[in-house]
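J.: 3D, please:
(one chain, ligands or ions: 1)
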Amino acid sequence: MDDMLDYQSIAIMLLFAIITLLLVMVFNSGLRSRSKLPPGPWRIPVIGNLHHLGELPHRSLRCLAEKYGPLMHLQLGQIPTIVVSSPEVASEIMKTHDLEFCNRPSTPVFKKFSYNGSDIAISKYGEHYWRQMRRLGILEIFSTKKVQSFRNVREDEVHVLNQSIIRSCTQAPQTEHNEIYSASVDERATTSCFFDIHETTPEPILKAIPVVLFLCIAVWRRTGSNEPGLSLDKEEDFLDVLLKSQKDSANLGFSLTRDHIKAILMLIYLVLALRNIFLDGTDTSAATLERAMTELMRCPSTMKKVQDKVLGIIGNKGNVEENDLQQLQYLKLVICETLRLHCIVPFLLPRESSKDCKVFGYDISKNTRFLVNAWAIARDPKLWENPEVFMPGRFEGSTINYKGQHFEFIPFGAIRRMCPGMQLGIVTVEIALANILYHFNWGLPFRMCYEDIDMTEIFGVVLHKKSPVCLEAKPVSFLV
Ligand code: HEM
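T.: Residues are numbered from 1 along each chain as shown. All right, here's what the predicted structure looks like:
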């Protein structure tokens with residue numbers, strides 16, 4: 001009897017051990033099927049999503065990287081996510097393992113807004129579609145020739161911007177600053193008015209940017225309207241090219257549908273024009289311009305220096321034109337430093353591994369997500385002297401630039417999925433900044449001091465300021 005009991009309890013214990021073993025195996029296989037990364041201090045489970053790390057995840061992740069190192073593995077709910085926070089690791093991912101990590105993850109939200117992943121930024125790398133669309137984009141909109149061909153549109157719009165600021169100056173209610181032309185120049189009237197959807201006078205804004213113009217043309221074509229002001233360019237535009245390619249899909253090797261075209265145009269339109277909709281307002285150029293003005297306001301000696309240089313070089317010519325930009329070297333340094341200190345796409349766009357591979361000895365499985373904390377890298381005290389201070393001079397004589405070869409400074413990303421709109425974005429910021437510095441002296445509203453400028457940001461794919469910068473403009477006297 002006793003023997004029987006012993007056998008029974010041994011059998012029960014064995015059964016229990018087998019069940020436990022099975023449960024552990026099932027549980028582990030669930031995790032391993034997504035990531036084969038070895039456990040270690042760098043593996044950080046996070047319940048929920050990036051927002052649960054703190055209000056500004058790029059800042060929280062910088063703190064975590066100081067503790068865990070520049071290659072961290074977050075388990076964001078179901079999704080294994082690797083966060084990269086050093087130039088060496090970024091180079092390993094984006095350059096050495098370029099091909100394995102140039103996919104974009106497809107999330108339901110991205111898919112919804114991009115006609116099932118049909119735009120350039122979100123489509124999968126390996127696909128023939130992405131290659132063709134990117135090639136088409138580079139040829140037809142992002143190339144130097146195309147960017148230059150819309151020079152007049154940009155210059156016209158800068159003129160519209162200047163006029164609207166002058167109008168704000170003269171129409172402003174009298175304040176305690178009444179001896180000067182003064183106006184409370186809000187975000188719209190200073191920087192973003194160049195790009196924003198303007199409730200009162202939409203037309204100049206819609207004409208501001210070439211691709212936005214393409215959209216107007218699309219609307220014009222569809223409605224057959226002859227609305228004044230929406231003049232068609234003689235030159236073939238991007239929409240023409242897309243429509244032509246649609247007819248001639250055999251050459252592309254896939255069928256270019258109306259949804260593809262809409263997705264591409266929508267992305268570009270959003271990148272340039274809209275705020276607070278998809279991707280949290282993707283007005284990258286306007287956000288950069290706004291940060292440049294904010295930093296200059298916080299640093300009066302730099303403001304004076306850059307303005308003196310612009311006025312000195314342009315003299316009483318009346319306007320800064322794109323031909324003049326090459327001479328405005330200090331202004332270029334100001335923009336470089338703005339992009340460093342305010343990397344407005346803090347994690348670049350997310351990437352995903354397309355197959356299993358090894359990085360720094362770690363096994364990374366297919367479909368692991370990668371975020372490159374370009375914001376943290378650009379503020380790393382090991383790489384930059386006084387990284388939190390706005391010092392355009394640091395780029396003087398430096399070989400480091402934002403063009404994707406120097407991984408300590410990658411505001412436009414790097415290599416294969418690097419931003420194709422870099423040139424367009426930069427020239428748009430340069431011409432607008434040069435002109436608003438040339439035409440106006442800028443000050444803060446009465447009783448406000450530099451320390452009062454609110455630098456709080458709202459997290460999104462693109463970082464935006466929580467509150468708009470509010471400035472007073474006074475036309476430069478010799479131009480009045
Ligand atoms: C100052 C302005 C801009 C900044 C800071 C910026 C930044 C970025 C960044 C960081 C990426 C992701 C790169 C990566 O993942 O490695 C990106 C991608 C992209 N940008 Fe920009 N961008 C700017 C202006 C523009 C403009 C003006 C356009 C279009 C007219 C544009 C179109 C795109 C597109 C289509 C992609 C996706 C590329 C791909 O996935 O193949 N960007 N941008």
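
J.: pLDDT value on S249, please?
T.: If you check S249, the pLDDT there is 68.

J.: contact partners for the closest residue to R417 other than its chain neighbours?
T.: Excluding its sequence neighbours, the residue lying closest to R417 (Cβ to Cβ, 6 or more residues apart in numbering) is C102, at 5.1 Å. Placement of C-beta: from N, CA and C, glycine included. Going by Cβ atoms under 8 Å, 6 or more residues apart in numbering, C102 touches 125, 351, 354, 415-417.

J.: is whichever helix or strand G137 is part of in proximity to the ligand?
T.: Assessed by DSSP states H and E, G137 sits inside helix 128-137. Yes - Helix 128-137 lies within reach of the ligand by Cβ under 6 Å from any ligand atom, at R134.

J.: mind giving me the packing neighbours of the helix or strand following that helix?
T.: Next helix or strand after helix 128-137 toward the C-terminus (DSSP H and E): helix 144-149. Using 3 or more Cβ pairs under 8 Å, 6 or more residues apart in numbering; DSSP states H and E as the contact test, the elements touching helix 144-149 are helix 422-439.

J.: average model confidence for the helix it packs on?
T.: Mean pLDDT, computed over helix 422-439, is 91.

J.: near the ligand, anything from that helix?
T.: Yes - against the ligand, helix 422-439 shows contacts by Cβ under 6 Å from any ligand atom at 424-425.

J.: go through that helix and flag the buried ones.
T.: Neighbour-count burial for helix 422-439, counted by 16 or more other Cβ atoms under 10 Å, picks out 422-439.

J.: following element in sequence after that helix, please.
T.: Downstream of helix 422-439, the first helix or strand assigned by DSSP H and E is strand 440-443.

J.: which other helices and strands contact that next one?
T.: Looks like strand 440-443 contacts helix 284-298, strand 472-475 (3+ Cβ pairs under 8 Å, 6+ apart).

J.: worst average pLDDT in the ones you listed?
T.: Among these, strand 472-475 scores lowest, with a mean of 86.

J.: poorly predicted segments of the stretch 351-480 of the chain, please.
T.: Residues of the stretch 351-480 of the chain that meet the criterion pLDDT under 70 lie in 478-480.

J.: and with 90 instead?
T.: Applying pLDDT under 90 to the stretch 351-480 of the chain picks out residues 354, 357-367, 416-417, 420-421, 424-425, 428-429, 432, 443-480.

J.: the nearest residue to R351 once chain neighbours are set aside: what secondary structure?
T.: In space, and not counting its chain neighbours, R351 is closest to F370: 4.3 Å by Cβ to Cβ, 6+ apart. Secondary structure assignment for F370 (DSSP: H, G, I helix; E, B strand; the rest coil): strand.

J.: F370 contacts V89, doesn't it?
T.: No - with contact defined as Cβ atoms under 8 Å, F370 and V89 do not form a contacting pair (9.9 Å).

J.: so between those two, which is more surrounded?
T.: Using other Cβ atoms under 10 Å as the criterion, F370 and V89 rank with F370 on top: 26 against 23.

J.: report the contact partners of that one.
T.: By Cβ under 8 Å, 6+ apart, F370 lies in contact with 81-84, 93, 101, 350-353.

J.: what's the answer for T399, then?
T.: H406.

J.: point out where the stretch 1-150 of the chain drops to low pLDDT.
T.: Applying pLDDT under 90 to the stretch 1-150 of the chain flags the ranges 1-61, 63-81, 99, 102-150.

J.: check the stretch 201-350 of the chain too.
T.: Checking the stretch 201-350 of the chain against pLDDT under 90 turns up 201-287, 289-290, 349-350.

J.: now do the helices in it.
T.: 202-206, 210-223, 238-247, 249-252, 258-272, 284-298, 300-314, 329-341 (DSSP state H, counting those that start in this stretch).

J.: how about S86, nearest residue that isn't a chain neighbour?
T.: P70 is the one closest to S86 (Cβ to Cβ, 6+ apart), at 3.4 Å.
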